[in-house]
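Visitor: Got a predicted model here, sequence first, then my questions.
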Amino acid sequence: MIKSEDELFRLFGGDDPTKPGSSERTFTTIQLELEDRKAFDRYRGDPEKSPQQNIVAARKLIKKVNLTDPSRHYLLVGGKREVRVDQSRLLTVGRAMSEPALSVRYLGSASPM
């Protein structure tokens, strides 16, 4: 779990946010790294709620890092297409592409869109 959006580029093997990362990650890995699931994992279902209500209650306990920085750029690579996005749109576009083998590359903050 990363603590803030400023640390996201480090997942790609980078030391400097202005330079591209040296590795790529799957989109699923990125989503999991942005979630703090401690409270979710400790949640025990309420016997007075339905299973679906317990799932909803547990998901509300997941704390997520918000991505708002438009100056950092990523390349989403799917089976049929590649899309360049800024950090603020990374999760939205990645979910919309909905490809199981979607990979993400960090392009740095100096890349033009």
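Guide: Ah, there it is. Residues are numbered from 1 along each chain as shown.
Visitor: Identify the spatial nearest neighbour of the spatially most central residue of the chain, chain neighbours not counted.
Guide: Geometric centre of the chain, nearest residue: Gln31, 3.3 Å, by C-alpha atoms, centre = their mean. In space, and not counting its chain neighbours, Gln31 is closest to Leu91: 7.1 Å by C-beta to C-beta, 6 or more residues apart in numbering. For glycine as for every other residue, the C-beta is placed from the backbone atoms N, C-alpha and C.
Visitor: who's in contact with that neighbour?
Guide: 31, 34, 67 (C-beta atoms under 8 Å, 6 or more residues apart in numbering).
Visitor: Next: Pro100.
Guide: By C-beta under 8 Å, 6+ apart, Pro100 has no neighbours at all.
Visitor: do you know how far it is from Leu107?
Guide: 23 Å (C-beta to C-beta, to the nearest Å).
Visitor: now swap in Gln87 and tell me
Guide: Taking C-beta to C-beta, one finds Gln87 at 10 Å from Leu107.
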